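[1] Output the structure for:
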Amino acid sequence: MTFQRSFSKQEQEIRSHFREMLSKAESVEDVKKFLYQTVRDLLKSICDSIPEDINIPDVQLNLEQGNGYLLSDRLMDGAGLHLLMQESDLDAILHRLSEQAWNRYRHLEKNPAKTESKIYPIPGI
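    Residues are numbered from 1 along each chain as shown. Sure thing, here's the model as predicted:
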């Protein structure tokens, strides 16, 4: 029997804040940024070897597939996340977070005029 680490406690700690951030997202770029921030915070709370200079390109929505997430090779190799993904529920947690982000992303993508009006309001209307 293999030992499986669980990070569900850390997931619960970030989940409500992530939902709140997504609800306030006004553009698809906000969704990407909020996913990055949440995953960065999660990884820093569970892994000591996360580089300090982690940035947005290291954590992304998988735009080519239209679902899921991508972590950069630099992050996967530098922090030793390959093994951690195999020995824990981290991959499942990241899929759940990306699923929430994709739902909000698609919603905002369908209504670009509404997003634009929030970002660039027209005076008098």
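
[2] I'd guess residue 34 is in a helix, am I close?
    Yes - applying DSSP: H, G, I helix; E, B strand; the rest coil, one finds residue 34 inside a helix.

[3] Was I right to think it contacts residue 17?
    No - using C-beta atoms under 8 Å as the test, residue 34 is too far from residue 17 to be in contact (9.5 Å). For glycine as for every other residue, the C-beta is placed from the backbone atoms N, C-alpha and C.

[4] higher neighbour count, the two?
    For the pair residue 34 and residue 17, the greater number of neighbours falls to residue 34 (23 against 13), based on other C-beta atoms under 10 Å.

[5] Tell me how far the more buried one lies from residue 69.
    Remark: distance between residue 34 and residue 69 (C-beta to C-beta, to the nearest Å) = 13 Å.

[6] any shared contact partners between the two?
    Common contacts of residue 34 and residue 69 (C-beta atoms under 8 Å, 6 or more residues apart in numbering): residue 101.

[7] quick one, strands of this structure?
    59-61, 69-71 (DSSP state E).

[8] So which of these is the most surrounded?
    Mean neighbour count (mean count of other C-beta atoms under 10 Å) peaks for strand 59-61 among those, with a mean of 21.

[9] ok, it: who's next to it in the sheet?
    With DSSP bridges as the test, strand 59-61 is paired with strand 69-71 (antiparallel).

[10] need the contact list for the closest residue to residue 43 other than its chain neighbours.
    Once flanking residues are discounted, residue 43 sits nearest to residue 50: 4.9 Å by C-beta to C-beta, 6 or more residues apart in numbering. Residue 50 makes contacts with 40, 43, 44, 75, 79, as judged by C-beta under 8 Å, 6+ apart.

[11] Need the residues you listed in CSV (columns: neighbour count and pLDDT).
    Shown next, in CSV, are these (neighbours: other C-beta atoms under 10 Å; pLDDT from 0 to 100):
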residue, neighbour count, pLDDT
40, 17, 94
43, 24, 93
44, 14, 91
75, 20, 88
79, 19, 78
